[in-house]
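Engineer: structure for this input, please:
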Amino acid sequence: CFTILRLPKPPEEAYSPLRRQYNSTRILSLLEVELAGVKADRILAITGVDLYADGLNFVFGEAQFPGRIALISLHRLKPSYYGEGNGKLFKSRLRKEAVHELGHTFGLPHCPNPACVMHFSNSIWDTDRKGETPCASCAERLRRLLQ
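Structural biologist: Residues are numbered from 1 along each chain as shown. As a prediction, the model looks like this:
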């Protein structure tokens with residue numbers, strides 16, 4: 001069972017006024033408690049706010065590794081954030097980040113292959129360059145993890 005959850009407003013305790021961003025790790029911790037009773041194998045939480053993780057200026061998302069909760073932000077995936085206006089590009093970015101973060105919940109690490117969906121995106125251009133599916137190596141690793 002898989003659940004997609006839209007976060008109407010992230011918890012204030014995850015907000016950093018200094019950065020004007022929300023800490024993704026803190027949101028995941030709060031979601032774990034809040035969603036403990038939800039009967040789903042995986043939960044994808046989607047928010048529109050800007051996210052960061054300790055040691056990084058921003059993140060497109062974060063997930064429990066392994067675990068059942070993944071979080072993605074639409075904020076920096078929107079082409080309008082970069083002065084672009086391409087709806088297809090936005091949907092592709094959204095699919096890539098959703099698959100990427102859900103991959104982490106199954107135990108898939110980052111992949112060195114820049115075309116693999118599990119490759120770490122340090123910028124939106126990294127996201128645009130990679131594919132929407134795992135490479136053969138990650139697909140095989142996922143198959144083994146699911147056995």
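Engineer: tell me which other helices or strands the helix ranked longest in the chain touches.
Structural biologist: If you go by DSSP state H, the chain has its longest helix at helix 87-105. Where contact means 3 or more C-beta pairs under 8 Å, 6 or more residues apart in numbering; DSSP states H and E, helix 87-105 is packed against strand 42-47, strand 61-63, strand 69-73, helix 124-129. Glycine gets a C-beta too; all of them are placed from N, C-alpha and C.
Engineer: and it, how far out from the chain middle?
Structural biologist: Relative to the chain's own centre, helix 87-105 is displaced by 7 Å; criterion: C-alpha atoms, centre = their mean, to the nearest Å.
Engineer: what does it rub up against?
Structural biologist: 42, 44, 60-72, 74, 77-79, 117-118, 121, 124, 127-128, 130-134, 138, 142 (C-beta atoms under 8 Å, 6 or more residues apart in numbering).
Engineer: the residues you listed, buried ones only, as a PyMOL selection?
Structural biologist: Only the buried members of the contacts of helix 87-105 enter the following PyMOL selection, criterion being 16 or more other C-beta atoms under 10 Å:
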select buried, resi 42+44+60+61+62+63+64+68+69+70+71+72+74+77+78+79+117+118+121+124+127+130+131+134+138
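Engineer: what residues of the helix or strand of the chain with the lowest mean pLDDT count as buried?
Structural biologist: Scoring the helices and strands of the chain by mean pLDDT, DSSP states H and E places strand 2-6 at the bottom, with a mean of 83. Neighbour counts over strand 2-6 (16+ other C-beta under 10 Å) mark residue 5 as buried.
Engineer: all good on my end, thank you.
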